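1. let me see the structure of the following:
(chains A and B)
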2 protein chains.
Amino acid sequence: MSRTPHSPLNLSIRHLRAAYREGGLTPATLVEQIRTRIAEHAADNIWIHVLSDAELAPYLASLSEADPETLPLYGIPFAIKDNIDLAGVPTTAALPELAWTPERSATVVERLISAGALPIGKTNLDQLATGLVGTRSPYGAVPNAFDPDYIAGGSSSGSAAAVAHGLVSFALGTDTAGSGRVPAALNNLVGIKPTRGLVSTRGVLPACRTLDCVSLFTLDLVDAGMLMPIAVGFDPEDPFARPAPSLTAASSADGRAEASFRFGVPADLEWFGDTASASLFEATVRRLSALGGEAVTVDFTPFVEAARLLYEGPWVAERYAAIEDWIRTRPETLHPVTRAIIEPAAEARAVDAFKAQYRLAEIKRRTDAFWPDLDCILTPTIATPYRIAEVAADPIRLNSNLGYYTNFMNLLDLAAVAVPAGMRPDGLPFGVTLFGPAFSDGILARLAERLHLDPSQTAWPTQGATGHPVSPGSIQQPRRPAENLQESEPEVLPLVVCG
Amino acid sequence: MSRTPHSPLNLSIRHLRAAYREGGLTPATLVEQIRTRIAEHAADNIWIHVLSDAELAPYLASLSEADPETLPLYGIPFAIKDNIDLAGVPTTAALPELAWTPERSATVVERLISAGALPIGKTNLDQLATGLVGTRSPYGAVPNAFDPDYIAGGSSSGSAAAVAHGLVSFALGTDTAGSGRVPAALNNLVGIKPTRGLVSTRGVLPACRTLDCVSLFTLDLVDAGMLMPIAVGFDPEDPFARPAPSLTAASSADGRAEASFRFGVPADLEWFGDTASASLFEATVRRLSALGGEAVTVDFTPFVEAARLLYEGPWVAERYAAIEDWIRTRPETLHPVTRAIIEPAAEARAVDAFKAQYRLAEIKRRTDAFWPDLDCILTPTIATPYRIAEVAADPIRLNSNLGYYTNFMNLLDLAAVAVPAGMRPDGLPFGVTLFGPAFSDGILARLAERLHLDPSQTAWPTQGATGHPVSPGSIQQPRRPAENLQESEPEVLPLVVCG
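-> Numbering: from 1, shown residues only, chains lettered A, B, ... in the order given. Next comes the predicted model:
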């Protein structure tokens, strides 16, 4: 679908930091290289808005006065899902008629920029962050980075594709039902769905405001470990912010992974007819066991029941509440599928909203009972990938299938990390999710990193769809001039796992 | 209104424990004395059901085999608000057509009985625990223990009256909007509104299930301090139960009160035209300051706004949800005021329920900011008492006035202790509330005890309406035969505050 005459960039954060430190690279040079790649991926519908030279200028000017050594994200390019505010640039949430231009950036964007990160643009999404498919957008469907017949997944479709294609080092998504994990699985990325309230949602258009999380797409868990301490921070302007009383920063760079641990595996797995994912999941269970984990079979039915509550229950009314004035007066501007999901929620009863909260509390009592015995639960992130044409023909049911392993997460106040777990015979990536109770972000990241960099893998993982191998956890010194960023690092051998 | 030819019993828990220990008293003897007093108070509409000899027999039999020394509540008589299950006895919630006879007691009742406590009966309440007046019941209005023209307050009207008249040592209430504190203030009692989820609500008919608490009415805080460690306990059968990670047991018996502390006082107080309460409140502020407290003026408006959300917002839909099948088919069985409050909630929208939750989260963010600087906030418990006839003439507005200082408490996840604070010139008691963040139950109880037993008071506090002086904190040895329980203890001087 897209022509890529230039090789993909290696935008690993530690790779870029080394390049900046050595002086061979400047943020302006990097932006030029990125712009070239962005143009080559124009058909992928990744961006709703790419920052112009004028819009980028203040950020570059600010970096020109900064010390690469002291700013942890100096010149690290990132993408922002277009339901998250970047000052001075329109936020559309893929509903362009609704667009506004915020004066302030979202808190998490402010934090990243203050650390030196460089915003490249605003990315496409399932309209109003409602969907897991990445096709419900007037800006077009986002094709999968490995096979353009397939979906990129959503709702954070553009953010995932931008990272997978090496257009940015990382991207912000949002994750209410799985929007930060499903596209990670489909594009061979790490997707961090933090504990609710750790990353501020101030400046994010709500989907379900009681559940929404800002998520991160990264190339690997070392990068995620650098980003999380910057992204996380109690924000008094976010009414749903929570302090992290005992959070070990979700950083793996300095973490020592547990030598032995226990992980749950669902007693019954749902594959929706898929025949390729199961063996990869079984291999992942074996690998995690070989890394010191004891697999424990768990009853997955309460999670499935909670997952159903999200779209079948009254939480959809939160999506209505988020845009009530708009949908009342301009419903015809919505994507037809999005409208069909959200509009009926106007009629939902408060009585049923409370009853669903009671039912959820009962389910949560059952699932909470798992955690004293387990460090995490391992599931597929999605059961099976879908083609864009399949989703167009059956948009609601296939979307629901994609959320089977993700929809329950925020309702049950869980933290999750989606991590690549091999390639399918059809050339699409397979991914798994490790999840645990609120504030387990740190251990989840450490276990996911060990799984990602497991030296026993038959094929060493690559960074998204770039072909660059994922570097081991320790920060490697680059061996070549920074302008040759597109080259991979063959000398980095997957033998030493330091993270 | 009621004739009381016998002097009131002194049912202080430590007084009874000493009497049992000395061998002069048996539970059966005590029950006989209580029955006499109950008959004398028949006109007070306190009870919906008093246990028969047959119903009491198994409890007495169990005690006859127990050791008074090892059972902490051996033979301590208590009352149960009739929205809380006692096995084998109907629960009506003051809606007799709805009554059922549970096979199991509520968890909190089980815990108290296991500790030796003796259930005497089920008490009257505002129907479905909806109200703060104690008059909305087919079993009649409960008159104030000090002046029968006045309300006892509600919804836990009968429970408060039973303790105030010396018919039981303590009573269980429930407290969603203030039902465990308003009647405490009106009847010269201590009312403990624990942190939500500490005391199980399994076996309690819900009012607002996300907010409901089981509360305690006691004669003083030493008794409360004996009861709380027994009543509190994580109950996996209660989906809203919470473990108490850092709770200092709300016991004052072994607690040392803080030598210096900071307490908030609302910048603006609402008295609804009352002229007698203000000076008592000011005296309480002075007394608490003299006890080592630094008074800090706080903006009370966010609490007032949260209070309004409870009855003006969608939480009333929880009351509808609790009895939906019933109110749909038999609405005519409800008290007309109760019906007028609950029935319209059927139409409330889920969208508005979520919007109110957002608003509440914003308010909570403001009120949470107080706590790093304060140990508690001090308010009147109610601004002004009302006559039964006044409430009959204006049932909704006066009820709302009664909740001015109480309605916000559970919405904002606060703990509260209502404690007597002197007598008004009209002969009615005045009470104040100390409240603080979730899990502050322990310090609230210790500060409230110091205030209750403050030796600088112009008049020493009495136990409810019994005339018996409240004993100092240390457990006193009784000086007289147990059968003379009705006599007060003049030798207990209010000079030594040991609690």
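2. going by C-alpha atoms from here, please, whenever you check contacts or count neighbours.
-> Fine.
3. beta partners of A:P143?
-> A:I151 (DSSP bridges).
4. and the pLDDT for it?
-> Looking at A:P143, its pLDDT stands at 98.
5. count the residues that sit near A:D394.
-> Per other C-alpha atoms under 10 Å in any protein chain shown, the neighbour tally for A:D394 reads 10.
6. meant to ask about A:E32
-> A:E32: 11 neighbours (other C-alpha under 10 Å).
7. model confidence for it, exactly?
-> So, for A:E32, pLDDT stands at 97.
8. swap in the one 5 residues further on?
-> The predicted local confidence for A:R37 comes out at a pLDDT of 97.
9. quick one: contacts for the nearest residue to it once chain neighbours are set aside?
-> Once flanking residues are discounted, A:R37 sits nearest to A:L167: 6.5 Å by C-alpha to C-alpha, 6 or more residues apart in numbering or on different chains. Contact partners of A:L167, counting by C-alpha atoms under 8 Å, 6 or more residues apart in numbering or on different chains, are A:L9, A:L11, A:I34, A:R37, A:I38.
10. other residues contacting the one helix or strand A:V419 maps to?
-> Per DSSP states H and E, A:V419 falls inside strand A:414-423. Identification of contacts with strand A:414-423 by C-alpha under 8 Å, 6+ apart yields A:181, A:184-185, A:188-196, A:280-281, A:284, A:381, A:409, A:429-441, A:444-445, A:448, A:451-452, A:459, A:461.
11. and it, C-alpha only, in CSV?
-> Extracted as CSV, the C-alpha positions of strand A:414-423 are listed here (Å, rounded to 0.1, in the frame of the first residue of the first chain):
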residue,chain,number,x,y,z
LEU,A,414,-6.4,-3.4,36.7
ALA,A,415,-3.1,-2.5,35.2
ALA,A,416,-1.9,-4.1,31.9
VAL,A,417,1.0,-4.4,29.6
ALA,A,418,0.6,-5.7,26.1
VAL,A,419,3.8,-7.1,24.7
PRO,A,420,4.7,-8.8,21.4
ALA,A,421,5.0,-12.6,21.5
GLY,A,422,6.1,-13.8,18.1
MET,A,423,4.9,-13.8,14.6
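12. and the nearest residue to A:L334 once chain neighbours are set aside, how far is that from A:I48?
-> Counting by C-alpha to C-alpha, 6+ apart, the nearest residue to A:L334 once its immediate chain neighbours are dropped is A:L95, at 6.8 Å. According to C-alpha to C-alpha, to the nearest Å, A:L95 stands 11 Å off from A:I48.
13. who's more crowded, these two?
-> A count of neighbours by other C-alpha under 10 Å puts A:I48 above the other of A:L95 and A:I48, at 23 against 20.
14. can you list the neighbours in contact with the helix or strand hosting the more buried one?
-> Using DSSP H and E, A:I48 falls within strand A:47-50. Residues outside strand A:47-50 that contact it (C-alpha under 8 Å, 6+ apart): A:D82, A:A94, A:I120, A:G121, A:K122, A:T123, A:N124, A:Y139, A:G158.
15. mind doing that once more with 7 Å?
-> A:I120, A:G121, A:K122, A:T123, A:N124, A:Y139, A:G158 (C-alpha atoms under 7 Å, 6 or more residues apart in numbering or on different chains).
16. with pLDDT, neighbour count and distance to chain B as new columns, can the residues you listed be given to me in CSV?
-> Listed next are those as CSV, based on pLDDT from 0 to 100; neighbours: other C-alpha atoms under 10 Å in any protein chain shown; distance: C-alpha to the nearest C-alpha, whole Å:
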residue, pLDDT, neighbour count, distance to chain B
A:I120, 98, 26, 32
A:G121, 98, 27, 30
A:K122, 98, 30, 27
A:T123, 98, 32, 27
A:N124, 98, 38, 27
A:Y139, 98, 20, 29
A:G158, 98, 35, 29
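17. which two among those are spaced furthest apart?
-> A:I120 and A:Y139 (17.7 Å; C-alpha to C-alpha).
18. give me the pLDDT value at A:S456.
-> pLDDT, A:S456: 88.
19. which residues are contacting stretch A:211-230?
-> A:12-13, A:111-112, A:160, A:163, A:169-176, A:180, A:184, A:189-194, A:196, A:199, A:201, A:206, A:249-253, A:410-411, A:445, A:449, A:463-464, A:470, A:473, A:499.
20. and for chain A, the residue most distant from the center?
-> A:V351 (33.8 Å; C-alpha atoms, centre = their mean).
21. contact partners for that one?
-> Contacts of A:V351 (C-alpha under 7 Å, 6+ apart): B:A317, B:E318, B:Y320, B:A321, B:A346.
22. first-to-last residue distance for stretch A:95-113?
-> OK, stretch A:95-113 end separation, C-alpha to C-alpha: 26 Å.
23. what mean pLDDT does that stretch have?
-> 98.
24. tell me which residues of that stretch come out buried.
-> Within stretch A:95-113, the residues scored as buried using 16 or more other C-alpha atoms under 10 Å in any protein chain shown are A:L95, A:P96, A:P102, A:S105, A:A106, A:T107, A:V108, A:V109, A:E110, A:R111, A:L112, A:I113.
25. on that earlier part again, I'd say the residue nearest to A:L334 and A:A129 touch.
-> No. Using C-alpha atoms under 7 Å, A:L95 is not in contact with A:A129, being 10.2 Å away.
26. tell me where the model's unsure across chain A.
-> Scanning chain A for pLDDT under 70 picks out A:1-5, A:245-258, A:473-499.
27. any residues of it in contact with chain B? List them.
-> A:239-240, A:314, A:317-318, A:320-321, A:346-351, A:353-355, A:361-362, A:365 (C-alpha under 7 Å from any C-alpha of the partner chain).
28. 8 Å - rerun?
-> A:209-210, A:236, A:239-240, A:314, A:317-318, A:320-321, A:345-355, A:358, A:361-362, A:364-365 (C-alpha under 8 Å from any C-alpha of the partner chain).
29. just the buried ones out of those, please.
-> Buried members of the residues of chain A next to chain B, scored by 16+ other C-alpha under 10 Å, are A:209-210, A:236, A:239-240, A:314, A:317-318, A:320-321, A:345-346, A:348-355, A:358, A:361-362, A:364-365.
30. nearest to chain B: which residue in chain A?
-> Residue of chain A nearest chain B, by C-alpha to the nearest C-alpha: A:A350 (3.8 Å).
31. give me the nearest residue to that residue, chain neighbours excluded.
-> Using C-alpha to C-alpha, 6+ apart, the closest residue to A:A350 is B:A350 (3.8 Å).
32. which ones are touching that neighbour?
-> B:A350 neighbours (C-alpha under 8 Å, 6+ apart): A:P314, A:A317, A:A345, A:A346, A:E347, A:A348, A:R349, A:A350, A:V351, A:D352, A:A353.
33. try it again at 6 Å.
-> Applying C-alpha atoms under 6 Å, 6 or more residues apart in numbering or on different chains, we find B:A350 in contact with A:A348, A:R349, A:A350, A:A353.
34. what's the closest of these to B:P336?
-> Nearest to B:P336 among the contacts of B:A350, with distances taken as C-alpha to C-alpha, is A:A350, at 22.5 Å.
35. next one: the closest one from B:E362, what distance?
-> 20 Å.
36. likewise A:S137?
-> From A:S137 to B:E362 the distance is 32 Å (C-alpha to C-alpha).
37. what do you get for A:G178?
-> Taking C-alpha to C-alpha, one finds A:G178 at 26 Å from B:E362.
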